[in-house]
Structure formats: C-alpha cells, structure tokens
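> quick one: sequence and predicted model below, then my questions.
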Amino acid sequence: MDIDKTDRKILYLLEKETETNLTHDKIAERIDVSSSTVTNRIQELKNEGILEGFQPKVNYEQAGIPYHVLFVCTVPVEKRRSLAEEALAVDGVVETRELLTGRRNLHVEVVSIDISTVESCSEELESKGIDIDQSDILRRKSTQPFNHIIQEMVDKSNIE
C-alpha cells in the first residue's frame with residue numbers, strides 16, 4: 001500500500017491526539033477531507049497492518065496504581081520474540097519492547113498496586129528464562145508523533 005499525505009495526516013493525528021473523543025468528523029475537519037474519507041482510510045490502514053490499534057494513555061499513578069516499573073532484561077536473541085510474547089501473559093505486564101542488541105535486549109513494563117505483585121512478576125519472568133539486569137521505577141513516559149512535517153501540513157489545512 002502506498003501511503004499518501006492524507007494517510008500520513010490521519011496517522012499523525014491519531015498518534016498526537018490521545019483524547020478519546022477524536023472522531024472521524026474532527027479528523028476530517030482538521031485535514032480538510034470528508035468524514036467518509038477518514039473512515040475508509042483508517043479501515044484500509046488497519047487492513048494493511050499499518051494501524052495496529054488504539055491504545056489509551058493511562059496515568060497509572062492518578063488511577064491509583066502506584067508501581068510502574070521498567071525491567072531491563074537480557075534474553076537469547078533467537079528467543080527474543082517468543083519470550084516478549086510470553087512476558088505479556090504475566091500478570092501486571094503492560095508492554096514489552098524488543099531491542100536489537102545482544103544484551104539488555106528486552107524491556108518489560110509492569111504496573112501494580114503493591115510491591116508483592118511486582119516481586120512475583122519478576123520471579124515469573126525469571127522462571128521463563130528472562131534475566132532481569134535492572135529494574136527502575138518509571139516516573140513519566142512521553143511520546144510524540146513521528147513526522148513534524150505532517151504537523152505543519154495538518155496545521156496549514158486547519159487554517160485554510
């Protein structure tokens with residue numbers, strides 16, 4: 001699938017706007033296309049595997065979940081993908097990231113309301129062959145959309 005400027009604008013807004021009330025109408029208005037165009041493009045992006053889903057951004061501390069921990073782990077390179085998937089099945093694990101390094105090549109994020117759950121999570125990860133090299137309490141995670149050129153196009157569409 002060839003991704004054009006409209007697709008890029010839609011992807012940019014979906015990444016940028018984490019508000020849950022960002023409707024297809026609002027996206028269409030921002031990038032100067034019809035709502036049906038947005039609906040069709042989003043469906044096509046999903047069908048092609050480019051848009052994998054919509055994840056809410058949760059402030060765990062505000063939600064009463066005080067422990068947000070990052071485990072920096074090492075796994076055998078040939079088992080990295082399967083162990084990342086296995087880690088997601090562990091109670092409390094909310095995200096894994098696979099890195100292209102030989103050591104410290106798997107990051108596992110864990111959230112919990114108590115420290116004992118974090119401890120049991122680390123024990124279960126270790127029992128799966130995931131060596132935890134380091135653990136850190138996360139304070140805040142910030143993200144931004146990939147393409148700032150698209151931001152300029154979106155902003156310009158909105159003004160015109």
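Sure, I can see it.

> can we go C-alpha only for contacts and neighbour counts from here?
Noted.

> most centrally placed residue in this structure?
Centroid-nearest residue in the chain: Q55, 6.6 Å away (criterion: C-alpha atoms, centre = their mean).

> which strand or helix spans that residue?
Assigned by DSSP states H and E, Q55 falls within no helix or strand.

> which phi and psi does it have?
phi -110, psi 130 (degrees, to the nearest 10).

> helices of this protein, start to end?
Using DSSP state H, the helices of the chain run over 5-16, 24-31, 35-47, 80-88, 115-127, 148-159.

> remind me what the fourth one packs against, helices and strands.
Helices and strands in packing contact with helix 80-88 are listed as strand 93-98, strand 106-112; criterion 3 or more C-alpha pairs under 8 Å, 6 or more residues apart in numbering; DSSP states H and E.

> those strands into JSON lines, with extra columns for mean neighbour count, mean pLDDT and distance to R30?
Shown next, in JSON lines, are these (neighbours: other C-alpha atoms under 10 Å; pLDDT from 0 to 100; distance: least, C-alpha to C-alpha, whole Å):
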{"stretch": "strand 93-98", "mean neighbour count": "17", "mean pLDDT": "96", "distance to R30": "31"}
{"stretch": "strand 106-112", "mean neighbour count": "23", "mean pLDDT": "96", "distance to R30": "34"}
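
> these into TSV, with extra columns for distance to T143?
Compiled in TSV, the helices and strands packed on helix 80-88 are given as follows (distance: least, C-alpha to C-alpha, whole Å):
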stretch	distance to T143
strand 93-98	15
strand 106-112	15
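
> where does the residue nearest to L11 when sequence neighbours are not counted land on pLDDT?
Distances taken as C-alpha to C-alpha, 6 or more residues apart in numbering place L51 nearest to L11, at 7.9 Å, with adjacent residues excluded. With respect to pLDDT, L51 scores 87.
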